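> Prediction below, plus the sequence it came from.
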Amino acid sequence: MTRCLGLLICALALNAVGADDNAPDADAIKAAVTKSLPLLTAGARGSMAERERCFTCHNQGLPIMALATAQTRGFKIDAEELQKQVKFTADFLEKNRTNYLAGKGQGGQTDTAGYALWALANGGWKPDATTAAVAEYLLLWQKDLEHWQPQSRRPPMEQSLFTSTHAALRGLKTFGTPEQRERIGRRVEQVRAWLLKTPAQDTEDRVFRLRALHVAGAPEADIRKAAQDLLLTQRSDGGWAQLDSMESDTYATGTALVALHQAGGLATTDEAYRKGLRHLLANQLDDGSWHVKTHSKPIQTYYESGYPHGKDQFISITAGGWATTALALALPETAHAKTNGDAWVKSPKNPMLRLGSADAFDSQNILSPAIAKDGGRYFLFYAGGPSGPGNGSEFVRYQLGLALSDDGETWTKTGQPLLPLGERDDFQVTPALLRNPEGELLRPDGVWHMVYCGNRADDVEHATSRDGVKWEKDLRNPIFKAAYAPNLVQTGEELRMYYIHKPAPPGGKPGPWEIHLASGKDFHSFKPHPANPMLTVSQPWEKGALFYPYVLRENGTWVMFYAAYWKNHPASKSATAIGMATSRDGIQWTKIDANPVLTPTPGSSYDSIYTSSQSVLRDGDVYKMYYGARVDMIHKYFAIGLATRRGPLVSAP
């Protein structure tokens with residue numbers, strides 16, 4: 001979940017390091033990563049053999065990160081060894097579970113526990129009783145402080161308050177349980193206030209202050225400023241130094257690049273990033289390693305792990321892990337998803353639905369389709385409005401409608417709103433149906449379930465039906481508040497609701513809309529997920545807001561379609577397009593490089609400005625995406641279109 005810094009940071013990068021049109025050669029990057037991976041694997045394996053009961057941040061945490069990242073870029077890794085390292089990490093935490101529940105921790109305290117959880121997340125480990133115990137420890141440990149702090153001073157990894165604080169925050173937000181969420185929220189709020197008021201002193205501080213601000217959900221402007229502060233310290237050789245008095249080195253450079261990309265939204269094609277890559281390539285040794293001299297006093301018995309450089313091997317393997325990660329991130333992602341916009345083909349029969357007659361409830365607006373198939377019959381739910389905002393200020397009383405079809409392309413509207421408007425729920429939009437992760441309609445005990453937004457405050461309403469046609473409101477509405485465009489997925493006993501969060505700090509300017517997640521055991525127990533936000537505005541084509549998440553799972557990989565305002569549309573500043581992101585667990589998301597995947601068609605009679613508010617159905621070997629369409633600023637939405645795609649959304653490496 002990254003944020004875009006836009007033209008300002010790009011200009012800042014050019015001013016800081018000087019323009020250079022010579023982008024690092026992709027083959028050189030691939031060769032560097034390929035040479036590094038066996039050494040990282042050997043170092044992790046050797047450390048596990050020598051220190052049978054001890055997870056180490058340097059020899060497990062960073063190699064796991066680098067191996068997992070390289071795997072997503074199509075590199076052949078020792079997958080069996082990676083899983084051994086992840087399992088070793090989980091077992092290490094399990095041995096200390098009693099201590100964690102008592103708030104006592106283990107050697108290394110916050111740093112060790114936080115880095116171990118980070119390693120598990122990178123390795124795809126699912127939350128369990130042990131990770132919940134570690135999260136409990138992080139809540140209890142140093143709870144009287146405004147932050148977390150390291151147990152010892154071993155620069156650069158174990159000295160910064162920001163490093164320890166980031167490790168703890170990330171662990172809580174990734175592995176916190178629903179029962180812990182309220183306490184996590186209070187702790188995050190407390191720590192965020194400390195982060196905002198506390199300046200960084202060196203590169204380690206700047207890197208992990210930026211990361212911590214991002215994880216803590218700090219305001220966009222503060223994250224932007226933290227990224228700028230880090231970027232300004234890039235040297236003319238493209239690298240970063242641990243301290244102002246030191247020369248550039250691989251550890252500082254690798255940590256800075258990865259933080260700027262993952263937490264600061266800096267594109268890997270930006271000149272500042274490229275300059276950093278050239279520094280890493282130039283300093284890699286012939287054996288594939290990087291050498292960084294240690295500045296820490298040893299506190300443990302020396303051992304050879306298998307990574308080169310003797311007494312400097314531990315900081316060197318850490319630096320090698322960061323460098324390999326930074327290099328791999330500059331290559332296209334292949335492990336999670338590989339797709340492109342051309343794969344989606346708009347139907348020649350478009351639009352599927354048009355505006356209703358002059359006296360109909362959907363005479364001037366039609367949007368937010370929700371598609372389902374039941375017993376060979378297609379159901380297309382949507383929102384419609386009788387009048388449209390000429391200048392955006394006129395109140396529109398939308399209601400929910402339904403169209404039916406035998407083939408998914410020829411539709412008949414039922415003609416009447418599904419639910420009456422109420423005094424409180426006077427604005428019904430963005431319907432979503434209960435589905436399983438594969439996108440199939442769920443009807444527990446024969447009952448259909450729908451959620452939708454019921455008013456301008458984005459209250460989430462719940463309704464049920466026995467046949468999909470006649471609906472009744474839940475008497476306990478609203479079931480959740482301040483959540484626009486909810487999208488439902490039932491996975492096991494967990495009910496997930498992805499939605500749009502509209503940041504509105506008291507007295508401040510509203511921030512870009514974000515995609516968040518709430519979960520619960522039923523429709524009346526939703527709570528925001530501690531890992532929020534799931535996605536933020538971060539890619540160059542996006543601006544201002546993300547909206548309309550739609551989530552499903554394909555062959556073990558979660559896929560999210562979302563919409564955003566399209567920054568560089570040649571004809572309209574309010575144009576939108578549809579993007580795609582993937583995830584191993586539905587929590588940590590990566591946007592694909594080929595975004596956007598569906599865009600407006602220039603000159604179209606129905607979607608020349610907008611493609612948005614999408615809903616996707618897997619129908620045999622065909623994916624069908626129904627989407628809201630727009631051609632002018634009078635109609636909020638003008639029609640509902642259809643685009644199809646054959647074959648998988650996600651291809652394995």
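Good, I have the coordinates. Residues are numbered from 1 along each chain as shown.
> Could I get the pLDDT score of residue 376?
Predicted confidence (pLDDT) for residue 376: 88.
> phi, psi of it?
Dihedral pair for residue 376: phi 80, psi 0, per degrees, to the nearest 10.
> Please list all residues in contact with the residue lying closest to it once chain neighbours are set aside.
Leaving aside its chain neighbours, residue 376 sits nearest to residue 406 (7.4 Å; criterion: Cβ to Cβ, 6 or more residues apart in numbering). (C-beta placed from N, C-alpha, C; glycine too.) For residue 406, the contact set (Cβ atoms under 8 Å, 6 or more residues apart in numbering) comprises 376-378.
> Buried subset of those, written for PyMOL?
In PyMOL, this line selects whichever of the contacts of residue 406 come out buried by 16 or more other Cβ atoms under 10 Å:
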select buried, resi 378
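> pretty sure residue 541 is touching residue 595, no?
Yes. Using Cβ atoms under 8 Å, residue 541 is in contact with residue 595, at 6.5 Å.
> which neighbours do these two share?
Taking Cβ under 8 Å, 6+ apart as the contact rule, residue 541 and residue 595 both touch residue 579.
> Who has more neighbours out of these two?
Shown here are residue 541 and residue 595; by other Cβ atoms under 10 Å, residue 595 has more neighbours (22 against 16).
> For the more buried one, which three-state class applies?
Classification of residue 595 by DSSP: H, G, I helix; E, B strand; the rest coil places it in coil.
> Residue 307 now?
coil.
> One more: the one 5 residues further on?
In terms of secondary structure, residue 312 is helix; the call rests on three-state DSSP.
> Low-confidence regions, the stretch 1-150 of the chain specifically.
Low-confidence segments of the stretch 1-150 of the chain (pLDDT under 70): 1-22, 49, 52-53, 57.
> So which residues of it form helices?
For the stretch 1-150 of the chain, applying DSSP state H, counting those that start in this stretch gives helices covering 6-17, 26-50, 62-72, 79-95, 97-101, 109-122, 129-140.
> any chance of the ones you listed in a markdown table, plus distance to residue 148 and mean neighbour count?
Below are the helices of the stretch 1-150 of the chain laid out as a markdown table (distance: least, Cβ to Cβ, whole Å; neighbours: other Cβ atoms under 10 Å):
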| stretch | distance to residue 148 | mean neighbour count |
| --- | --- | --- |
| helix 6-17 | 29 | 16 |
| helix 26-50 | 25 | 20 |
| helix 62-72 | 20 | 25 |
| helix 79-95 | 17 | 17 |
| helix 97-101 | 15 | 16 |
| helix 109-122 | 4 | 25 |
| helix 129-140 | 8 | 22 |
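> do you know which of those helices lies nearest residue 585?
When the helices of the stretch 1-150 of the chain are compared by Cβ to Cβ, helix 109-122 sits nearest residue 585, at 8.5 Å.
> Quick check: can you list the domain ranges of this structure?
The chain breaks down into these domains under automatic domain parsing: 6-329, 346-646.
> which one of those domains has the lowest average pLDDT?
Mean pLDDT is lowest for domain 6-329 among the domains of the chain, at a mean of 86.
> now that one, how far from the centre of its chain.
With Cα atoms, centre = their mean, to the nearest Å as the basis, domain 6-329 stands 18 Å off its chain's centre.
> Following element in sequence after the strand ranked longest in the chain, please.
Longest strand in the chain by number of residues (criterion: DSSP state E): strand 542-554. Once the chain leaves strand 542-554, the next helix or strand it forms, by DSSP states H and E, is strand 557-566.
> Which strands or helices does the next helix or strand after that next one pack on?
Where DSSP H and E defines the elements, the next helix or strand beyond strand 557-566 is strand 576-583. For strand 576-583, the elements it packs on are strand 557-566, strand 589-591, strand 610-619, judged by 3 or more Cβ pairs under 8 Å, 6 or more residues apart in numbering; DSSP states H and E.
> among those strands, which is nearest residue 479?
Proximity to residue 479 (Cβ to Cβ) singles out strand 610-619 among these, at 20.4 Å.
> Parallel or antiparallel, which strands does the closest one pair with?
According to DSSP bridges, strand 610-619 forms sheet pairs with strand 622-630 (antiparallel).
> tilt between the strand it pairs with and strand 542-554?
On the basis of axes from the mean of the first three to the mean of the last three Cα atoms, to 10 degrees, strand 622-630 is oriented at 150 degrees to strand 542-554.
> Show me what counts as buried in strand 622-630.
Buried residues in strand 622-630, counting neighbours by 16+ other Cβ under 10 Å, are found at 623-630.
> re the thing from before, mind putting the helices and strands packed on strand 576-583 into TSV with mean neighbour count?
Below are those laid out as TSV (neighbours: other Cβ atoms under 10 Å):
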stretch	mean neighbour count
strand 557-566	24
strand 589-591	21
strand 610-619	23
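> out of the ones you listed, nearest to residue 140?
The closest approach between residue 140 and any of those, judged by Cβ to Cβ, belongs to strand 589-591 at 29.6 Å.
> The closest one - contacts with which helices or strands?
Here strand 589-591 touches strand 576-583, going by 3+ Cβ pairs under 8 Å, 6+ apart.
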